[in-house]
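Chemist: Here's a sequence, model it:
(2 chains)
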Amino acid sequence: MGIGVLAAALAATALFAGLREVRKAPAPAAAAPMEMGQAERPALTADQERYAHALWKVHDQVRTAAVRMSFLGLSYKMGDIKKAELATRVEPISREFKAAAAEVAKLAPPQSFEALHAEYLSAVRDYEQASVDMRVTRSDSDDHLIAAQTLSERAATTLLKVGETLWPGEHKPN
Amino acid sequence: MKKKLALGLAAFGMVAGLGATTAQAQTVCSAWLVENSRFMGVPFGMFHPDRSFVQGSTNARNNVNTVDLPVNVGVLKCGKEIILYDNGWNATDYHKMTGTGHWSPLSKQIAQIGIDAKDVTKIIIGHGHWDHAGSLDEFPNAVLYVQKEELKGIEWALNYPGHERIRAVNTSPGGCSRTPACGYTPKTVDQIYGKVLRGMAVIVDGDMEVIPGVKIHAAHRAHTAGSQLLEVNTAIGKLMFGSDAYSSWEAIRDWEVANVQQTDSVQQFLAYEKCYKVTGGYQNCVAAHEPLSYSDKYPLTKNSWVGINGGRLAEITLAPGETSRKPK
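Modeler: Just a heads-up that it's a prediction; the model follows:
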């Protein structure tokens, strides 16, 4: 590593440390290790952090419900449960998604997060729709499950995207 | 004896019991290692407890504060079969900032060794965590091999009736910490489910010979509930890929635990022993996150080069008649 690069890195570190010292807002979400030469993510404002904190409570429930829903589909495909039982067991998950969507809709995001808020709400509604699609029992084919899985995968992608902004470091090396 | 259990599903099979002994000649495979990304600046002790940093220590085992951990994916060409062992994770521009570096889509990375993603026939995941099973959508024609026990283990955790932390897929901002359902993101689980739903998965129950010369060894609880190893026949002898049961090659060498998640340390040591037994030592054990990867200090991976976005690749061994993919 050249001296110039080292000096720049030290200066950036000092600047970053200084900014952290003067910052009065609540502590940011867990900082992830930074790659040398990579731009530091700007800290969230106090309003943004309040929103992130409020949404986290819903997010935690949505993630768990989403994984449980996928596993019910797996249980059906593995022959552990029949289609009727799948419908019965997904039903409370539908209600969870519906309640989560209502909770998200009640949140007032800062202007800078309005688009992100809309994306998240849309993802939860996708999950809710996917759960409804999964409960179809009249069909002999699994086409409705494939349609549901396509929706839920789109929702899962949005969750990752929003999470990256609001809760950096949400996913640790496993 | 290999038993196919129909389960009323033609779309996928659950295979139980030990792999069949076969009269067929064992395929000789070519093998490469691809660095899908790198986790930067991870505290060494968080990954490898016996190597925890001690301030002021002059002991070489304890004077390294942080390490950069590659996310290694095995790429095998065994006759006409193109097999991936693990498949990294699928990042995007926004996801590159979470303390990772050198990420590229795995499909682009394997193109550097002349392999088209559409030609990948099989993906064997060592376990289902997001950073090892997160690119399934890039390989639409590949059949997924996952242990039944892995799926059952996650399901058990999700439905645990007691404390909520046991069933949590996340517990606090900053992520979950090694709890039973930790590491299985909705997207990754959904993609595994998608493969099963579309008849593109084999749920493996125990050991299984995938093709002659390529064999899955169950290593339950060696990292996660349904971890599985992959024995591969090559011109330099047997290789044993271990995903996160073999997170650290140094730990296999020194008989120490590493990357403890949903791990039973006894089972991790038994997984290490499997490599010693099958390959004759520790040199041919292929680790998923070994910091020394792509260097002389991890000899199996030293024939390496740097590819797109700084991600590294290693040509481990070539089958007879196979040409090198390493740039001149």
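Chemist: and residue 120, what does it touch?
Modeler: Defaulting to chain A. The contact partners of A:Tyr120, by CB atoms under 8 Å, 6 or more residues apart in numbering or on different chains, come to A:Leu55, A:His59, A:Val104, A:Thr158, A:Leu159, A:Val162. (C-beta placed from N, C-alpha, C; glycine too.)
Chemist: switch to chain B, that's the one I care about
Modeler: B:Ile82, B:Ile83, B:Leu84, B:Ile110, B:Phe139, B:Asn141, B:Ala142.
Chemist: for B:Trp156, same thing?
Modeler: Contacts of B:Trp156 (CB under 8 Å, 6+ apart): B:Pro180, B:Ala225.
Chemist: in the chain, what spans have low per-residue confidence?
Modeler: Defaulting to chain A. A:1-41 (pLDDT under 70).
Chemist: was after chain B, sorry
Modeler: Counting by pLDDT under 70, chain B shows low-confidence ranges at B:1-23, B:91-98, B:170-175.
Chemist: wait, which of the contacts of B:Val120 is closest to chain A?
Modeler: B:Phe139 (14.9 Å; CB to the nearest CB).
Chemist: That closest one: how many residues sit nearby?
Modeler: Neighbour count for B:Phe139, taken as other CB atoms under 10 Å in any protein chain shown: 24.
Chemist: these two touch, right, it and B:Lys122?
Modeler: No. Using CB atoms under 8 Å, B:Phe139 is not in contact with B:Lys122; the gap is 9.3 Å.
Chemist: joint contacts of those two?
Modeler: Counting by CB under 8 Å, 6+ apart, the common neighbours of B:Phe139 and B:Lys122 are B:Leu84.
Chemist: what's in contact with stretch A:136-147?
Modeler: With CB under 8 Å, 6+ apart, stretch A:136-147 has contacts from A:Gly73, A:Tyr76, A:Lys83, A:Ala84, A:Ala87, A:Asp133, A:Met134, B:Leu197, B:Arg198.
Chemist: swap the cut-off to 10 Å and go again
Modeler: Stretch A:136-147 has contacts (CB atoms under 10 Å, 6 or more residues apart in numbering or on different chains) with A:73, A:76-77, A:82-88, A:129-130, A:132-135, A:148-149, B:11, B:193-194, B:197-199.
Chemist: picking that back up, in PyMOL, how would I select the buried members of the contacts of B:Val120?
Modeler: Of the contacts of B:Val120, the buried ones go into a single PyMOL selection, burial set by 16 or more other CB atoms under 10 Å in any protein chain shown:
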select buried, chain B and resi 82+83+84+110+139+142
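Chemist: Which of the contacts of B:Val120 fall within helices?
Modeler: B:Ile110 (DSSP state H).
Chemist: wait, which of the contacts of B:Val120 is closest to B:Pro180?
Modeler: B:Leu84 (26.4 Å; CB to CB).
Chemist: Got the domain ranges for chain A?
Modeler: Taking automatic domain parsing as the reference, chain A has its domains at A:1-42, A:46-166.
Chemist: what packs against the helix ranked longest in chain A?
Modeler: As assigned by DSSP H, the longest helix anywhere in chain A is helix A:46-77. Using 3 or more CB pairs under 10 Å, 6 or more residues apart in numbering or on different chains; DSSP states H and E, the elements in contact with helix A:46-77 are helix A:83-106, helix A:114-134, helix A:143-166, helix B:148-158, helix B:164-167, helix B:186-197, strand B:201-205.
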